[in-house]
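Trainee: Next input, structure requested:
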Amino acid sequence: MDSQNPSAQAPTASRDEAKNHPSRGTSAGVVHENAPHATHFTVVGNHLAQHEELSLTAIGLATHIQSLPTGSPVDIRSLARRFPEGTTRIAAALRELEAHGYLRRTRQRTAAGHVVTRTVSCNRPLGRTGGGNTRRPRPEPEPPPRRRGTQEPPRRRREVQAPPPRREAQEPAPRRREAHDPAPRRREPRRPAALPAVPQPAYATPDQVQTAIGILSGLRRTDTRLLISATDAEHLAPGVVTWLERDVTPDCIHRALTTLLPAEPLRRPAALLAHRLTAQLPPLPPFLPPRPTVPHPLQNCDTCDRAYRGPKPGTCGGCATVAR
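Mentor: You can find the predicted model right below:
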């Protein structure tokens, strides 16, 4: 009876769901399927992902900002173009992150005088560790019952520190100017941009330059918007001389510069004239070789019988002078 049958089939082991299922000990909890990341990943602390006071929008926005490279725009308008939440919810989430130390926004003035907002993202603010939520203090155990006849020792009062006030997103107050501070720099007026280049002639004579200045100064008689300064006229004169070198009459130049003007006001008429002188420059005239001169035939003078060249027979130049 104590002998064993080695050929007997072993009983089939039943599956214990609570033992073999990956979610053992939970009824409907999450099951993680984690894969290691070698590239394109961001480390986010549980103090942010499991924050008790931040909203879900603020947590997701902080995760997105921490995943961006340095220098990426994180202003409200840029984030509103990226996400469908809208400017109101994104602005509220940024204020939450700033109040809990995950974001710092300061306004600075650049060397050019513009005011810009500098945003600093903190992946672990002060007072936060790399773990999960901040643990609440455990309740102190109740003291054991004292015996009769014994005096209860005085209890120490525990000082309860008030929580630090939240830092709200406020604009920095303007700093008062001290007596030793240097005077603010005055903004210099912006200088107008240089006029476009105009064609340059091969050789400009003083008469041609004077004619070009006269053409430019006469444009305002056709359209008052074409009133230009003397400096602009000196800049545009070589371009007009180039047109004159190409056998273009002053009237044709006047019509080319004054016809088909835009209806709206002209901010810089000299720039428009420089563009037309360059874009509508006519081609060079065709080259015409000079006609060869045919010499007159030889004639014999009727008075002195000398030979001379002339179109018809008669007297030579000397005899004609003596006869007079």
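Trainee: how close does the one residue sitting closest to the centre of the chain get to residue 258?
Mentor: Compute the mean C-alpha point of the chain, and by C-alpha atoms, centre = their mean the closest residue is residue 73, 11.8 Å away. According to C-beta to C-beta, to the nearest Å, residue 73 stands 47 Å off from residue 258. For the C-beta atoms, the positions are set from N, CA and C on the backbone; glycine is no exception.
Trainee: just to revisit the earlier point, tell me how far the residue nearest to the centre of the chain lies from residue 111.
Mentor: Counting by C-beta to C-beta, the gap from residue 73 to residue 111 is 21 Å.
Trainee: now swap in residue 58 and tell me
Mentor: 34 Å.
Trainee: low-confidence ranges in the stretch 1-150 of the chain?
Mentor: 1-27, 127-150 (pLDDT under 70).
Trainee: And the helices in the stretch 151-300 of the chain?
Mentor: Counting by DSSP state H, counting those that start in this stretch, the stretch 151-300 of the chain has helices at residues 206-217, 230-245, 250-258, 269-279.
Trainee: out of the ones you listed, nearest to residue 320?
Mentor: helix 206-217 (39.1 Å; C-beta to C-beta).
Trainee: which other residues reach that closest one?
Mentor: The contact list for helix 206-217 (C-beta atoms under 8 Å, 6 or more residues apart in numbering) reads 201, 228, 233-234, 236-238, 240-241, 244-245, 250, 253-254, 257, 273.
Trainee: same deal with stretch 73-81?
Mentor: So stretch 73-81 is contacted by 61, 65, 68, 86, 87, 90, 91, 94, 117, 119, 121 (C-beta under 8 Å, 6+ apart).
Trainee: Top of the contacts of helix 206-217 by number of neighbours, please.
Mentor: residue 240 (29 neighbours; other C-beta atoms under 10 Å).
Trainee: Quick check: end-to-end length of stretch 273-285?
Mentor: 23 Å (C-alpha to C-alpha, to the nearest Å).
Trainee: Please read the previous query as pertaining to stretch 28-42.
Mentor: Using C-alpha to C-alpha, the two ends of stretch 28-42 sit 28 Å apart.
Trainee: want to try JSON lines for the helices of the stretch 151-300 of the chain, with distance to residue 44 as columns?
Mentor: Output for these, formatted as JSON lines (distance: least, C-beta to C-beta, whole Å):
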{"stretch": "helix 206-217", "distance to residue 44": "68"}
{"stretch": "helix 230-245", "distance to residue 44": "61"}
{"stretch": "helix 250-258", "distance to residue 44": "66"}
{"stretch": "helix 269-279", "distance to residue 44": "54"}
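Trainee: contacting residues for residue 201?
Mentor: Per C-beta under 8 Å, 6+ apart, neighbours of residue 201: 208, 238, 241, 242, 244, 245.
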